[in-house]
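**Q** Generate a structure from the sequence data that follows.
(one chain, ligands or ions: 1)
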Amino acid sequence: MNFSLSRSPKAPPPRRRALRWTGLVAGLAAMTTGLLTPLSSAMAQEAPLSLIRDTEIEAILHEDADPVFIAAGLDPKAVQIHIVGDNELNAFVAGGQNLFLNTGLIVKTKNPNQLIGVIAHETGHMAGGHLARSDQGGKQALATFLFTLGLAAVAAVAGSPDAAGALLYSSDYFATLTILGYTRTQEASADQAAVTYLERAHISSRGLVEFFDNFRYEEVFSGARRYPFFQSHPLTSERIEALRVRASQQSNYGEVDTPLAQAKHDVMVAKLKAFTNLPQQTFVDFPESDTGFPARYARAIAYYRDLQTERALKLTDALLTEHPNDPYIWELKGQILFEIGRPKEAEPAHRRSVELKPDAPLLRMNLGQALLSEYDPKKLDEAITEIRRSLDVEADNPYGWLLLSQAYDRKGMGGMARLAAAEQEFALGQAVEAKTFAMRARHQLPKNSPEWRRATDIVLVSKPSKDDLRALAREGSVDDPVRR
Ligand SMILES: [Zn+2]
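**A** Numbering: from 1, shown residues only. This next block holds a predicted model:
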């Protein structure tokens, strides 16, 4: 899991810390210093948004959600599911086909059916384009929000001691988003759409009714609107009744989750709890007396986060004895070893996870990162290959480009390193920086090579100035003012 705890917005700009850690070329550090201005006090009030990347959880969520997306006429590959590391109960859609699910919501669903119900409701908002209609001002904020999502990604890679290799996306617009409420009409329409999609996908909509019921009860009982989700999705008794009536009339109302789906849900919840709660809480939630797979998985994570490394490894190895072909337990073992500074031992664990799930880009990136961190010149080429293969699938992953630029620098391939840095900035939506690195890459790459052309393309799509265009016209034959 690539995971980061929310960072205090009052902390100094993390980017510089990350850069120290990554040991990037001084040029990048000099360029980026000063780009991040101190947060205003108003901005500092708002919590940053941290997104969690985890191959196993993303796979489970897609298995849950894809039938619903298909039933709604959406292409499941086009819908991005983002996991927000936040214990508040919330879910929202943004920027077209982006579904954001808080960890706090996922862990409060008791079974896949409840989670799928909530996803179906959000899909109803997505397919209905409700956000765009609800607030034009919000739409503007959203564009900036999504841009900002990328902005802090690199900042995240290592600043937190809790999360080497983490990706943190931070946004000052998150608060703006969460206060955007839907109208009662939109809520009713999303509920109805949810039931339609679920029925079409042969899934019961009972879970959605149950989920709303549980929290309606809590809200009435506590006399407060406690959950952000129900601030943006106003919940009334009439609404639940209307939903219940329609849901219970569906032919699939009696369908239940398969034992396998439930088992995966339990693993997902245990893993999320173990990564987001304090280890001591995990030891309470999953006591030694609980010998089930999710509980032992959670305890292995908690021991690792509690720096009880040997216990974590012992438990992980025991899980691997039972499940030698589980790529995610191998990934966990690799992560534990990597993060305590044993990349040589992390390498075979990550390698096994890649063998077991070769199409997962983040697993390849783990392997590439471990290889790179061994500081063994003989392993550089393989590190580059693995990182590149990861980027072939996820070209917009700035962390992958960051690793790649380090790897090329290590090999003394300056032009390729600058090009990777340009790609990294490009993925972050930072046109000025992308252009500057691309210009430098052009000076160092063989003219007319595919990489040189790619660097040229990046310059051309990154708002080039007249001087830049003149420099391009000279095709790098004379010294350029940007050259260092
Ligand atoms: Zn809603």
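
**Q** Burial check on the residue of the stretch 251-400 of the chain found nearest the ion, number of neighbours?
**A** Of the stretch 251-400 of the chain, the residue with the smallest distance to the ion, taken as C-beta to the ion, is Tyr253 at 20.9 Å. Using the backbone N, CA and C atoms, a C-beta is placed for each residue, glycine as well. By the measure other C-beta atoms under 10 Å, the count of residues near Tyr253 is 17.

**Q** show me where pLDDT drops low in the stretch 101-250 of the chain?
**A** For the stretch 101-250 of the chain, residues meeting the criterion pLDDT under 70 lie at 131-180, 219-226.

**Q** what does it put close to the ion?
**A** Counting by C-beta under 5 Å from the ion, the stretch 101-250 of the chain comes close to the ion at 182, 187, 190, 233.

**Q** what's the closest of those residues to the ion?
**A** Checking those against the ion by C-beta to the ion gives His233 as the nearest, at 3.3 Å.

**Q** Could you tell me which residues make contact with that closest one?
**A** Contact analysis of His233 by C-beta atoms under 8 Å, 6 or more residues apart in numbering lists 121, 181-182, 187, 190.

**Q** Just the ones in helices from those residues, please.
**A** Judged by DSSP state H, the subset of these located in helices is 121, 187, 190.

**Q** Considering the residues you listed, which possesses the most neighbours?
**A** Neighbour counts for the ones in helices among the contacts of His233 were taken using other C-beta under 10 Å; the highest belongs to His121, which has 28 neighbours.

**Q** From the ones in helices among the contacts of His233, pick the one nearest Arg296.
**A** His121 (33.5 Å; C-beta to C-beta).

**Q** confidence score at the closest residue to Asn277 other than its chain neighbours?
**A** Distances taken as C-beta to C-beta, 6 or more residues apart in numbering put Asp285 closest to Asn277, at 7.2 Å, once the chain neighbours are dropped. Residue-level confidence at Asp285 comes out at 98, pLDDT.

**Q** Repeat that for the one 4 residues further on.
**A** According to the predicted model, the pLDDT of Ser289 comes to 98.

**Q** What count of nearby residues applies to it?
**A** With other C-beta under 10 Å as criterion, Ser289 counts 6.

**Q** And for Met413?
**A** Around Met413 there are 19 other residues, counting by other C-beta under 10 Å.

**Q** And it, how far from the ion?
**A** Met413 sits 50 Å away from the ion, taking C-beta to the ion, to the nearest Å as the criterion.

**Q** With Met439 instead?
**A** Here the criterion is C-beta to the ion. By it, Met439 lies 47 Å from the ion.

**Q** Could you confirm that residue falls within a strand?
**A** No: when the secondary structure is assigned by DSSP: H, G, I helix; E, B strand; the rest coil, Met439 falls in helix instead of a strand.

**Q** Number the residues from 138 up from this point.
**A** All set: I'll call the first residue 138, so the last point we hit is now Met576.

**Q** Hmm, it is touching Leu606, no?
**A** No: counting by C-beta atoms under 8 Å, Leu606 is not a contact partner of Met576; they are 11.2 Å apart.

**Q** Settle it for me: which of the two has more neighbours?
**A** Relative neighbour count places Met576 above the other of Met576 and Leu606, with 25 against 12, counting by other C-beta under 10 Å.

**Q** And that one, how close does it get to Ala325?
**A** Computed as C-beta to C-beta, to the nearest Å, the Met576 to Ala325 distance reads 54 Å.

**Q** can you check Ile194 too?
**A** Counting by C-beta to C-beta, the gap between Ile194 and Ala325 amounts to 31 Å.
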